[in-house]
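Q: build me a structure from this.
(chains A and B)
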Number of protein chains: 2
Amino acid sequence: MPPADHTDAVELLGLVAYTELASFGRLAGDAAHAPTLRQRQALSRLAAAMLDRQERVLVRVEELGGDPADCMTPFDGLFDDFDARTKPSTWWEGILKGYVGQGVADDFCLLAAQGLDERSRDVVVEALTHDTPSQRYAPVIAEVAAEDPVLASRLALWGRRLVGEALGVVGDVLSRRPALARLVAAGAEPVAAGGGSGPAPATQSWVFARLTAEHSRRMDRLGLAA
Amino acid sequence: MPPADHTDAVELLGLVAYTELASFGRLAGDAAHAPTLRQRQALSRLAAAMLDRQERVLVRVEELGGDPADCMTPFDGLFDDFDARTKPSTWWEGILKGYVGQGVADDFCLLAAQGLDERSRDVVVEALTHDTPSQRYAPVIAEVAAEDPVLASRLALWGRRLVGEALGVVGDVLSRRPALARLVAAGAEPVAAGGGSGPAPATQSWVFARLTAEHSRRMDRLGLAA
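A: Model prediction:
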């Protein structure tokens, strides 16, 4: 299969960069309201590190002839509706929102990245899987959930709400951005060929099934019911 | 003159680190509300770069035997009162608040840094003078002020309010943290010896005179009346 043309790649890299910019803002905001100075420092560091990784994604956009700011423009405001529908009522709900929402966004981008040229794919995989805030924050959430069953059951409910809304954003992106749907389809073929009997690849339901499975694994790691 | 002992140095480095952490949060918040995606990206980058510099300050704290989180603890909440008294009513007021408030805080830390050992002083000077958000944002504020005289006069008024409140924080720090007053005094002696006829060094009025002069120069660069 030929690599996706550069326009499609720049579009996905733009989505990844925009997602990281949005996550940066959210994490920095969570940091400002963290219960302790140590958590404030740790979350701020995670946010800053995320933006450093975003910079490498934007470098790849330039290598492909794209513009680092313009590539994000199509996605400006992408999470506004999601954010309006999922206002956390506690600090922990905010932290879980980051974990779930960014988890779904990253998993979607990683699925689509399978359709990219090798160098772009490496950049995306590195940006989204290396020392992510999710990896760092899972133990903290798991610990508080284990200690406080009432909080754990509230967070489990909140997680289900979050993943539903997050999948809504993914469905919206898939239907509005054909380039991303093409990349998902291109990346899904070898996976499906080796992977047996799931639904037809590159359909929304195939994507949702993959993202939901990843979400369940993620909630398991927290000790929360998915 | 002997260098200040390590306890005093760690205290000033803690103040610098805390100031940068607070500025990070403020800049990231300004970024999230920036009028355009380009400004949002640019401000987010500035915030992330600021936290990278803070990391080098915390490395120096460790070199001196201090703890990177504990060194900030004495200053936790230092700007809460300042923030409550200076809530920006527009995005531009928020940007000017960063420029003025951080300018005063940085100038104070630079004055006190003159009393540090050479290596610690270099770390502080590098953190506070190299490619700061203030340097980057001055032209942007100057441009909008030149184009819009009504906004310019409002911002000039706002700047006077901000510097008054910022000097209040400095006075508070000087009276509550003897270590910092000692560093300012230690650093002021050679300056005063060469510098002539100002008020006696290391008094609050000497510090205020220096900070006010720097503030006026800063407002001049914006084309705003100090």
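Q: only C-alpha atoms for contact and neighbour calcs from this point on.
A: Fine.
Q: OK, contacts around the residue in chain A positioned nearest to chain B?
A: Proximity of chain A to chain B (Cα to the nearest Cα) peaks at A:A48, 4.4 Å away. Applying Cα atoms under 8 Å, 6 or more residues apart in numbering or on different chains to A:A48 gives the contacts A:24, B:47-49, B:51-52.
Q: which one among those gets closest to B:R161?
A: Nearest to B:R161 among these is B:A47, at 24.4 Å by Cα to Cα.
Q: that closest one against B:A22, yeah?
A: No - contact between B:A47 and B:A22 fails when scored by Cα atoms under 8 Å: they sit 10.1 Å apart.
Q: ok, those two, which is more surrounded?
A: B:A47 (29 against 22; other Cα atoms under 10 Å in any protein chain shown).
Q: excluding chain neighbours, what is closest to that one?
A: B:F24 (4.9 Å; Cα to Cα, 6 or more residues apart in numbering or on different chains).
Q: contacts only, for the one you found.
A: Contacts of B:F24 (Cα under 8 Å, 6+ apart): A:44, B:47-48, B:50-51.
Q: in helices only, show me the residues you listed.
A: Among the contacts of B:F24, the members falling in helices are A:44, B:47-48, B:50-51 (criterion: DSSP state H).
Q: what sits closest to A:L78 if chain neighbours are left out?
A: Distance criterion Cα to Cα, 6+ apart; nearest residue to A:L78, sequence neighbours excluded, is A:V169 at 7.7 Å.
Q: can you tell me the helix or strand for the one you found?
A: Element membership for A:V169, per DSSP states H and E: helix A:149-176.
Q: next one: A:T19
A: Judged by DSSP H and E, A:T19 forms part of helix A:6-32.
Q: buried ones in that helix?
A: For helix A:6-32, burial by neighbour count (16 or more other Cα atoms under 10 Å in any protein chain shown) applies to A:6, A:8-32.
Q: and what of stretch A:208-223?
A: Buried-residue list, stretch A:208-223, by 16+ other Cα under 10 Å: A:208, A:210-212, A:215-216, A:218-219, A:222-223.
Q: name the nearest of these relative to A:G65.
A: Nearest to A:G65 among the buried residues of stretch A:208-223, with distances taken as Cα to Cα, is A:L211, at 30.9 Å.
Q: return the residues in contact with the closest one.
A: Taking Cα under 8 Å, 6+ apart as the test, what A:L211 contacts is A:104, A:107-108.
Q: now the residues you listed as JSON lines including distance to A:W158?
A: Shown next, in JSON lines, are the contacts of A:L211 (distance: Cα to Cα, whole Å):
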{"residue": "A:V104", "distance to A:W158": "15"}
{"residue": "A:D107", "distance to A:W158": "19"}
{"residue": "A:F108", "distance to A:W158": "21"}
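Q: rewinding a little: how about a markdown table for the contacts of A:A48, with pLDDT and distance to A:G187 added?
A: Listed next are the contacts of A:A48 as a markdown table, based on pLDDT from 0 to 100; distance: Cα to Cα, whole Å:
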| residue | pLDDT | distance to A:G187 |
| --- | --- | --- |
| A:F24 | 94 | 28 |
| B:A47 | 92 | 36 |
| B:A48 | 93 | 33 |
| B:A49 | 90 | 35 |
| B:L51 | 93 | 37 |
| B:D52 | 90 | 36 |
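Q: and which of those residues is nearest A:V150?
A: When the contacts of A:A48 are compared against A:V150 (criterion: Cα to Cα), the nearest one is A:F24, at 29.5 Å.
Q: ok, now how distant is the closest one from A:H6?
A: Distance, A:F24 to A:H6, by Cα to Cα, to the nearest Å: 26 Å.
Q: quick one: mean pLDDT for the helix holding A:V169?
A: For helix A:149-176, mean pLDDT rounds to 95.
Q: next, the angle from it to helix A:6-32.
A: 160 degrees (axes from the mean of the first three to the mean of the last three Cα atoms, to 10 degrees).
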